[in-house]
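Chemist: need coordinates for the following:
(chains A and B)
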2 protein chains.
Amino acid sequence: MKKFIMPILVAFSLPAVAQSQEKDSLTLRRLADEVLTHSTAYDNLHTLTKKVGGRLAGSPQMVKAEQWGVKALKAAGADTVYLQECMVPHWIRGAAEEARIISKRRDFIPPLNVLALGNSVGSGPAGVTAEVLEVASFDDLEAKKDQVKGKIVFYNYHFNPTFIKTFHSYGDAVKYRGQGASRAAKYGAVAVIVRSMSHAANNFPHTGAMAYDNAYPKIPAVAIGLEDADRLSQRLKDDVDAKVFLRTNCMMLKDTIGHNVIGELRGSKHPDQYITVGGHLDSWDVAEGAHDDGTGCVQSIEVLRAFKAAGVKPERTLRVVLFANEENGTRGGRKYAEVAKAQQEKHIFALESDAGGFTPRGFITTVDAAEKAKMDSWKALFAPYGIYDFDEQGGGVDVGQLHEALGTPMAELSPDSQRYFDIHHAANDVFENVNKRELELGAFGMAALIYLVDLNF
Amino acid sequence: MKKFIMPILVAFSLPAVAQSQEKDSLTLRRLADEVLTHSTAYDNLHTLTKKVGGRLAGSPQMVKAEQWGVKALKAAGADTVYLQECMVPHWIRGAAEEARIISKRRDFIPPLNVLALGNSVGSGPAGVTAEVLEVASFDDLEAKKDQVKGKIVFYNYHFNPTFIKTFHSYGDAVKYRGQGASRAAKYGAVAVIVRSMSHAANNFPHTGAMAYDNAYPKIPAVAIGLEDADRLSQRLKDDVDAKVFLRTNCMMLKDTIGHNVIGELRGSKHPDQYITVGGHLDSWDVAEGAHDDGTGCVQSIEVLRAFKAAGVKPERTLRVVLFANEENGTRGGRKYAEVAKAQQEKHIFALESDAGGFTPRGFITTVDAAEKAKMDSWKALFAPYGIYDFDEQGGGVDVGQLHEALGTPMAELSPDSQRYFDIHHAANDVFENVNKRELELGAFGMAALIYLVDLNF
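Modeler: Residues are numbered from 1 along each chain as shown, chains lettered A, B, ... in the order given. Sure, this is the predicted structure:
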């Protein structure tokens, strides 16, 4: 890496553009050294995951997480730290779910390991017992719609292994989790079971948000792990009279108060212009929310800390936002955009990290052609850090609200995606599955992009 | 990914080069689909790690691993499978090592978690008890050479966190493991303790090969984990009279017989020309040798299986080699090169996988300018698979022997390196730390490179 740093004397003889790139490459190296040597991101993540834990909107842990965020942003060196209030939904899981296959046969059948989907209604104390109709897809559901009434519909749609970026497999499959209940209720289903959105070689069920179409009855919805999904599918073939008993205890309570946690590093030239960087502070209740999205929170805080510690002063005000309630409402992201619009704030750029704390490969972006051309001109600056992929379009869910409200250019960190859906929304999304250096390299990549955007957008 | 596959009708109207790239892109997609959907690599790795386990040269597990290799290559569809005999060193660890800090103070001091370095002599049954001289580097050792006599030298050289590719940190630090004992014995040291070559946030000691300079006495050499290294260093500052007791039970026995395991898929046009692809079958004794180098073995076997299953017929003979004794002798690699040279075989290319079964990012290569230009022209073919980095020079240790003997162009798979030195040569190099998709994407990358080399070199 040392060869990338050219002696200052040589730089003087270079033309202006090369001199500017030379200065930028030195600043990026300084930021990288700072993050890789002195980052507090990993320790911060340890506290958030182990002392706070799962922190769904409305839970006591949500409040503890907000307190943690304030403290961590102050420790990182923010000039100002404050809370931005917003109403959040308050869904609770209640007592643990249960599910089992009911058969007239006498063999021992292990229980199914299930998790209620977020926002789902519960089954009531008696639970639901019904025959199961397995469908491979919505098309298959439509073809079998006359058989649905009174049954539990089992969406056994497989995560497509041939996509290289696993988010494409997720985009392909997630509709069964989101819309499956109402699509089945339309034809009289009494509950739905969804094969988890995962490639994992294990049996963890993966929860996640679902939503009801108010035109149809609200029926319970659960996820099962991949091994149980295969086992249930096989049982239904072998034992056509088998039924499933399902009991969930979840419910939606009244909205309650949550907060976006915001820390600022005041801009040296344009303090009234903003660059936002953030992740979401909430997580599902069943794990520690390490990769989703503890890593995005601590990386965003690290960007501010590294700027300050490395003496890199942003011209615009850097605003770190730990968004409330991304998982089952996006109320934090919406509130942030709403306030920005109402106050006529000038937003230059918004960056999110919500795709896991794995080794960074690039950024997905929604920017105009001139901005994209600038980003492309930075490729040589990022190449020594293994960050090379700037060509996919997109952006984060939370900063997407700001983009929608104000047209703010946006990006999301794009880490290696292969392991994300092993742990996404499942009980194994824990601190131990985060690698310190991978986390830090992502934080560096974010700091580097913000440094360049601040100077050039 | 579907958009990458253009309709055949369009292809007909393209010029010849574009048509060829179009055909190649379709073949790569076919290989990727085959590997990502039907790979046996992960199951093969499970058997090798869980049924065979650690398999150092000369151990009974070495023999079991060879038997496994023959079976796995036949199952993958090799036309011919055979063993190539070679003599291998036979180093044994003996009973577990022990080490502790001896102090006149009365506080409880937990034992040090140590592993003898491979090829090291043992301490004898009485062990070694001596004062400890900590040095930060070989320069520091030279400066303190008058203080070395009768002491245990503790190399507390830190893995440099600012290199982006961790193999560069390894290259920078590994000399303390390899040469540290004799460099200290030169000045009268009685043993050496080496800080493990790792960034890991844990305390696993990492073993690995060392070698003696016969000019000096052979003294015992051990590694300790990072937490113990920091603890020992602190103790030596706080408690200047502290000593360390160290007992190791390892020894070098007489050479014994091992084998390279070789499977071939006969070339359709030039069966007497060879393309080699391999990993090493041996591993350290203290773990399962999952990433080092079970993954390289099962990926190499998968290349053959995928070619056969996808109906891609190589023009040259594809030779999968599971090399013996890479870890503490490289005798397998040397034997393979020696036989190739003696039999005047024509070798077109040799590819190794021995850097972990993580998501592939590219290949390090040693090829001539014309070959490099061809490889660069394939970048667009690899880009959809996240494989983009072809610019670092190098090659694997085993295929390096063939390169040295015959000048054969060579390459090594270059996976994401961030997690490798968390597990390298340590007890946590186990199956559970390998991700199925990451492993498979690496195997696909290898198959793709070999397909293109076979047609174009």
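
Chemist: so where is the stretch 1-150 of chain A shaky, pLDDT-wise?
Modeler: By pLDDT under 70, the weakly predicted segments of the stretch 1-150 of chain A are A:1-17.

Chemist: around chain B, which positions in it sit nearby?
Modeler: On the criterion Cβ under 8 Å from any Cβ of the partner chain, chain B has as its neighbours in the stretch 1-150 of chain A the residues A:1, A:32-33, A:36-37, A:42. C-betas here are computed from N, CA, C, even on glycine.

Chemist: nearest to A:Ala383, of those?
Modeler: The shortest approach to A:Ala383 among the residues of the stretch 1-150 of chain A next to chain B belongs to A:Met1, at 11.7 Å (Cβ to Cβ).

Chemist: can you add distance to A:Pro111, neighbour count and secondary structure and give the residues of the stretch 1-150 of chain A next to chain B back as JSON lines?
Modeler: JSON lines is the format used below for these (distance: Cβ to Cβ, whole Å; neighbours: other Cβ atoms under 10 Å in any protein chain shown; DSSP: H, G, I helix; E, B strand; the rest coil):
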{"residue": "A:Met1", "distance to A:Pro111": "53", "neighbour count": "15", "secondary structure": "coil"}
{"residue": "A:Ala32", "distance to A:Pro111": "49", "neighbour count": "25", "secondary structure": "helix"}
{"residue": "A:Asp33", "distance to A:Pro111": "52", "neighbour count": "16", "secondary structure": "helix"}
{"residue": "A:Leu36", "distance to A:Pro111": "46", "neighbour count": "21", "secondary structure": "helix"}
{"residue": "A:Thr37", "distance to A:Pro111": "49", "neighbour count": "12", "secondary structure": "helix"}
{"residue": "A:Tyr42", "distance to A:Pro111": "37", "neighbour count": "20", "secondary structure": "helix"}
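
Chemist: chain B contacts on the stretch 301-450 of chain A?
Modeler: Residues of the stretch 301-450 of chain A lying near chain B by Cβ under 8 Å from any Cβ: A:359, A:361, A:384-386, A:388-389, A:416, A:418-419, A:422, A:435-438, A:441.

Chemist: from those, which ones fall inside strands?
Modeler: Where those overlap with strands, as defined by DSSP state E, the overlap consists of A:Arg361.

Chemist: farthest pair within the residues of the stretch 301-450 of chain A next to chain B?
Modeler: A:Pro384 and A:Asp422 (29.2 Å).

Chemist: contacting residues for A:Asp241?
Modeler: Applying Cβ atoms under 8 Å, 6 or more residues apart in numbering or on different chains, we find A:Asp241 in contact with A:103-104.

Chemist: same thing but at 6 Å, please
Modeler: Taking Cβ atoms under 6 Å, 6 or more residues apart in numbering or on different chains as the definition of contact, the neighbours of A:Asp241 are A:Lys104.

Chemist: make a PyMOL selection of the buried ones in the residues of the stretch 301-450 of chain A next to chain B.
Modeler: Selection of buried members from those for PyMOL, criterion 16 or more other Cβ atoms under 10 Å in any protein chain shown:
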select buried, chain A and resi 359+361+384+385+386+388+389+416+418+419+422+435+436+437+438+441
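
Chemist: what does stretch A:258-270 contact?
Modeler: The list of residues contacting stretch A:258-270 from outside it, by Cβ under 6 Å, 6+ apart, reads A:57, A:62, A:66, A:69-70, A:73, A:78-86, A:88, A:304, A:313-325, A:332, A:336.

Chemist: out of those, which end up buried?
Modeler: A:57, A:62, A:66, A:69-70, A:73, A:78, A:81, A:83-84, A:86, A:88, A:304, A:314, A:316-325, A:332, A:336.

Chemist: what about the residues you listed, which are in helices?
Modeler: Judged by DSSP state H, the subset of the buried ones among the contacts of stretch A:258-270 located in helices is A:62, A:66, A:69-70, A:73, A:304, A:332, A:336.

Chemist: nearest to chain B, of these?
Modeler: Taking Cβ to the nearest Cβ as the measure, A:Leu304 is the one of these closest to chain B, at 20.6 Å.

Chemist: nearest residue to whichever residue of the stretch 201-350 of chain A sits closest to chain B in space, please, no chain neighbours.
Modeler: In the stretch 201-350 of chain A, the residue found nearest to chain B is A:Ala201; the distance is 5.3 Å by Cβ to the nearest Cβ. Spatial nearest neighbour of A:Ala201, chain neighbours left out: B:Lys436 (5.3 Å); criterion: Cβ to Cβ, 6 or more residues apart in numbering or on different chains.

Chemist: could you report the neighbour count for the residue of the stretch 101-250 of chain A found nearest chain B?
Modeler: Sorted by distance to chain B under Cβ to the nearest Cβ, the residues of the stretch 101-250 of chain A start with A:Pro161, at 4.6 Å. Number of residues near A:Pro161 (other Cβ atoms under 10 Å in any protein chain shown) recorded here: 19.

Chemist: could you point out the longest strand of chain A?
Modeler: With residue count as the measure and DSSP E as the assignment, chain A has strand A:251-265 as its longest strand.

Chemist: in that one, what's buried?
Modeler: When burial is assessed from 16+ other Cβ under 10 Å, strand A:251-265 yields the following buried residues: A:252, A:258-265.

Chemist: walk me through the domains of chain A.
Modeler: For chain A, the structural domains run A:2-91+A:254-456, A:94-249, going by automatic domain parsing.

Chemist: how near is the closest residue to A:Gly77 other than its chain neighbours to A:Ile301?
Modeler: Ranked by Cβ to Cβ, 6+ apart and with sequence neighbours excluded, the top spatial neighbour of A:Gly77 is A:Lys308, at 4.0 Å. In this structure, A:Lys308 and A:Ile301 are 11 Å apart, going by Cβ to Cβ, to the nearest Å.

Chemist: the more surrounded of the two?
Modeler: More neighbours sit around A:Ile301 than around the other of A:Lys308 and A:Ile301, counting by other Cβ under 10 Å; the figures are 29 against 18.

Chemist: and that one, how far is that from A:Thr47?
Modeler: The gap separating A:Ile301 from A:Thr47 is 11 Å, by Cβ to Cβ.

Chemist: now do A:Gly171
Modeler: Look at A:Gly171 and A:Thr47: by Cβ to Cβ, they are 33 Å apart.

Chemist: all strands for the stretch 101-250 of chain A, in order.
Modeler: When secondary structure is read from DSSP state E, counting those that start in this stretch, the stretch 101-250 of chain A shows strands at A:114-116, A:128-135, A:152-155, A:191-195, A:221-224, A:243-247.

Chemist: partners of the first one in the sheet?
Modeler: The reference is to strand A:114-116. Strand A:114-116 has the following sheet partners, assigned by DSSP bridges: strand A:221-224 (antiparallel).

Chemist: list the residues that contact the residue of the stretch 1-150 of chain A found nearest chain B.
Modeler: Taking Cβ to the nearest Cβ, chain B has its nearest neighbour within the stretch 1-150 of chain A at A:Leu36, 4.6 Å off. Contacts were defined as Cβ under 6 Å, 6+ apart; by that measure A:Leu36 touches A:440, B:161-162.

Chemist: switch to 8 Å and redo it
Modeler: The contact partners of A:Leu36, taken as Cβ under 8 Å, 6+ apart, are A:437, A:440-441, A:444, B:161-162.
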